[in-house]
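**Q** take this sequence and fold it.
(chains A and B)
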Amino acid sequence: MDEKVILQHLMEGSREALAIIWQEHSANVLNLAFRMMKDRDQAEDILMDVFVQVPKAIQGFRGQSALNTWLYRLTVNACLMKLRAEKRHSELEEENLDTIIEEVLGKDESRDENFDAELLEKGLGQLPAETRSMLWLKDAEDLNVKDLAEIYGMPDGTIKARLSRARHLVRNYLKERKDHG
Amino acid sequence: MANKIDFSKLERLTPRADSWAKVCARLDAAAKATPVGKIISIKAWYSAIPIAASIALVSLTVLLPALSHTSATETISINSSAPSEVMSWYSSLGNSTSDDFETLEETVGFSYLIKE
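**A** Residues are numbered from 1 along each chain as shown, chains lettered A, B, ... in the order given. Modelled structure (predicted):
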């Protein structure tokens, strides 16, 4: 069914329309929440919170962005609120990212990286939740910079800079672990 | 993009089987907790108050100059509107030496009132 038709039904309060959106987007929302919260149970809670607020929040949706972008924005906001409430958001301050020396790894090196999943999870865990989710949406979910700018309410340039710094931080972490291991 | 980090090895989660049922249950509970009628009536009041105030303001703006215009132009002399019988009766009041009441003939009085 066309996304506009689904949205129309959803605005009229259709539970079936919500079920269709759940089928299409719930896994993406869950994985984004999991990357931010680093906890399966909390990610499931966020997923449910997001879909419970969709019927009401959709009334303010003007259709200027894609539905998945809008859902990601709701998810990021829900995660940030929860993290702030738990005071876990300061895992790694943004200032620490600024101190990273850029170009630690060469471009060729980045192509044949072969890190195991656990190490990569730990590397991602070095990033602040918001930046972690940004990197996930860009590199795993293939969102473009404009979508990210809309989700996070930041200029394109800021998004690009953060992504670049985040990739360097993760690669630097992985390389160090590999060298020591 | 060559610069991308390869996340394909990371586990992709799928929602638990009962998550959708929980979402539905929470939505049903929320719907019961806040009856739709209440929300609509509150919303209706919120919109009705400013609309009513606007209408009243516009009406006053239109009516007030019209009222003041009417009162200024409706000063009509009784000499020009009353019939001659009424005028003669009015001017002779108190001039008579008789103790009888001086009354205006009923038909003349009524026709004047009806006309007015």
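**Q** quick one, what contacts the residue most central in space within chain A?
**A** The geometric centre of chain A, computed from its C-alpha atoms, lies nearest to A:Ser133 (Cα atoms, centre = their mean), at 2.7 Å. Contacts of A:Ser133 were listed using Cβ atoms under 8 Å, 6 or more residues apart in numbering or on different chains, and they are A:32, A:35-36, A:76, A:79. From N, CA and C alone the C-beta is placed, and that goes for glycine too.
**Q** tell me the spacing between it and chain B.
**A** A:Ser133 sits 12 Å away from chain B, going by Cβ to the nearest Cβ, to the nearest Å.
**Q** cool, A:Leu80 as well?
**A** Computed with Cβ to the nearest Cβ, the distance linking A:Leu80 and chain B is 20 Å.
**Q** so what pLDDT did that residue get?
**A** According to the model's per-residue confidence, A:Leu80 sits at a pLDDT of 92.
**Q** and the residue lying closest to it once chain neighbours are set aside, which helix or strand is it part of?
**A** Nearest residue to A:Leu80 in three dimensions, chain neighbours excluded: A:Glu130, at 6.5 Å (Cβ to Cβ, 6 or more residues apart in numbering or on different chains). For A:Glu130, the element it lies in under DSSP states H and E is helix A:129-139.
**Q** averaged pLDDT, that helix. What do you get?
**A** When pLDDT is averaged along helix A:129-139, the result is 95.
**Q** residue contacts, the residue of chain A found nearest chain B?
**A** Closest residue of chain A to chain B, Cβ to the nearest Cβ: A:Ala140 (3.9 Å). For A:Ala140, the contacting residues are A:31, B:7-8, B:10, by Cβ under 8 Å, 6+ apart.
**Q** re earlier: ok, which pair from the contacts of A:Ser133 is furthest apart?
**A** Taking every pair in the contacts of A:Ser133 and measuring Cβ to Cβ, the maximum separation is 10.3 Å, between A:Arg35 and A:Val76.
**Q** could you list the low-pLDDT ranges of the chain?
**A** Because you didn't say which chain, this covers chain A. In the prediction, chain A carries residues with pLDDT under 70 at positions A:1, A:87-115, A:181.
**Q** try chain B instead
**A** Within chain B, the stretches with pLDDT under 70 are B:1-2, B:35-46, B:68-79, B:81, B:97-106, B:108-110, B:112-116.
**Q** if we use 90, what do you get?
**A** Within chain B, the set of residues satisfying pLDDT under 90 comprises B:1-4, B:6, B:8-11, B:30-54, B:59-116.
**Q** could you list the domains of it?
**A** According to automatic domain parsing, chain B comprises the domains B:17-75, B:77-116.
**Q** buried ones in stretch A:4-18, by neighbour count?
**A** Along stretch A:4-18, the positions that meet the burial threshold by neighbour count (16 or more other Cβ atoms under 10 Å in any protein chain shown) are A:6-7, A:9-10, A:17-18.
**Q** how long is it end to end?
**A** Taking Cα to Cα, to the nearest Å, stretch A:4-18 runs 13 Å from one end to the other.
**Q** quick check: chain neighbours aside, which residue is closest to residue 22?
**A** By default, I'm working from chain A. B:Trp20 (5.7 Å).
**Q** other chain: chain B
**A** Closest to B:Lys22 by Cβ to Cβ, 6+ apart is A:Met48, at 5.7 Å.
**Q** who touches that neighbour in this structure?
**A** A:Met48 sits next to B:19, B:22-23, B:26 when contact means Cβ under 8 Å, 6+ apart.
**Q** ok, and the residue nearest to A:Trp22, which helix or strand is that part of?
**A** Under the criterion DSSP H and E, the helix or strand holding B:Trp20 is helix B:19-33.
**Q** what does that helix contact?
**A** With Cβ under 8 Å, 6+ apart, helix B:19-33 has contacts from A:15, A:19, A:22, A:26, A:44, A:47-48, A:51-52, A:55.
**Q** any of those buried? List them.
**A** A:22, A:26, A:44, A:47-48, A:51-52, A:55.
**Q** make a markdown table out of those residues and add secondary structure and distance to B:Ser47.
**A** What follows is the buried ones among the contacts of helix B:19-33, written out as a markdown table (DSSP: H, G, I helix; E, B strand; the rest coil; distance: Cβ to Cβ, whole Å):
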| residue | secondary structure | distance to B:Ser47 |
| --- | --- | --- |
| A:Trp22 | helix | 33 |
| A:Ser26 | helix | 36 |
| A:Glu44 | helix | 39 |
| A:Leu47 | helix | 35 |
| A:Met48 | helix | 33 |
| A:Phe51 | helix | 30 |
| A:Val52 | helix | 27 |
| A:Pro55 | helix | 22 |
